[in-house]
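K.L.:
Sequence isn't available, so here's the structure alone:
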């Protein structure tokens, strides 16, 4: 079992351009500073317009960090069990990197 750090990207703006900007300015430096661990990024549910920048960011970070792994999951803050399950899966799946796991049902997307 490898070590893994969970990084919260849970305080991003609702606008996709603003969210991507904050992610690249604030979260990416945190990810890059973790030299010894695999990384799991926690995103909150958001509209489909956030999908492309999130996928690109996670995949690029995974390529950059190799052989360490970078993955992400999308879950509401009150879905702790789902987040814990995603962390366990990612920690124990050595061939998985650059992926975003969407957990649970989201009846109402964030603005």
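P.N.:
Structure received. Quick caveat, the model's predicted, so the values are computed rather than measured. Residues are numbered from 1 along each chain as shown.
K.L.:
Going along the chain, name the strands of this protein.
P.N.:
4-9, 38-43, 70-74, 100-102 (DSSP state E).
K.L.:
Residue 9 - how many residues pack around it?
P.N.:
By other CB atoms under 10 Å, the residues close to residue 9 number 21. Every C-beta, even on glycine, is put in place using the N, C-alpha and C of the backbone.
K.L.:
OK, contacts around it?
P.N.:
23, 27, 41, 42, 43, 44, 72 (CB atoms under 8 Å, 6 or more residues apart in numbering).
K.L.:
Derive a PyMOL selection command for the buried subset of the residues you listed.
P.N.:
A single PyMOL command is used to select the members of these judged buried by 16 or more other CB atoms under 10 Å:
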select buried, resi 23+27+41+42+43+44+72
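K.L.:
What part of the protein, helix or strand, is modelled with the least confidence?
P.N.:
The helix or strand of the chain with the poorest confidence is helix 80-92; it has a mean of 89 (mean pLDDT, DSSP states H and E).
K.L.:
what comes into contact with it?
P.N.:
Contact with helix 80-92 is made by 1-2, 4, 6, 38, 40, 42, 69, 71, 73, 75, 96, 101, 103-104, as judged by CB under 8 Å, 6+ apart.
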